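K.L.:
Have a look; sequence and predicted model below, questions after that.
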Amino acid sequence: GVIKQAQDLAAVAFGADRSWFLVNGSTCGIHAAVLATCKPGDPVVLARNCHQSAFMACILAGVEPVYAEVELDSVLGVAHNITARAVQVALERASEKGRKQVGAVVVVSPTY
């Protein structure tokens with residue numbers, strides 16, 4: 001139908017193999033992504049200022065959060081998103097705990 005066709009066109013536009021449209025806001029998508037990619041006990045990298053649904057997804061999936069440091073903007077007084085370097089450091093910390101594979105890296109924009 002038309003929704004499938006629109007999702008296929010979106011995937012092409014995004015350079016992705018597939019794309020799915022969400023209903024009911026970002027919460028259901030974040031829950032679905034974490035539950036689909038993680039096993040109980042897996043580490044999941046995310047920022048402390050991530051969307052609340054990411055923390056609930058961690059609880060639902062029984063995963064262990066590994067926090068990535070956010071960029072702080074001293075001029076504006078806000079915390080921005082995580083950088084690639086911050087993700088790398090968090091992945092290394094997860095590895096030091098004896099975890100060979102991280103279940104997911106959750107990056108949301110905007111931050112909350």
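P.N.:
In hand now; what should we look at?

K.L.:
So in that sheet, which strands flank the least confident helix or strand in the chain by mean pLDDT, and in what orientation?
P.N.:
Least confident helix or strand, the chain: strand 78-82 with a mean of 85, by mean pLDDT, DSSP states H and E. Strand 78-82 sits in its sheet next to strand 70-73 (antiparallel), going by DSSP bridges.

K.L.:
give me every residue that touches the residue nearest to Asp73 when sequence neighbours are not counted.
P.N.:
Leaving aside its sequence neighbours, Asp73 sits nearest to His80 (Cβ to Cβ, 6 or more residues apart in numbering; 5.9 Å). Placement of C-beta: from N, CA and C, glycine included. Going by Cβ atoms under 8 Å, 6 or more residues apart in numbering, His80 touches Val70, Glu71, Leu72, Asp73, Thr111.

K.L.:
Ok, Ser53 next?
P.N.:
Contacts of Ser53 (Cβ under 8 Å, 6+ apart): Ser26, Thr27, Ile30, His31.
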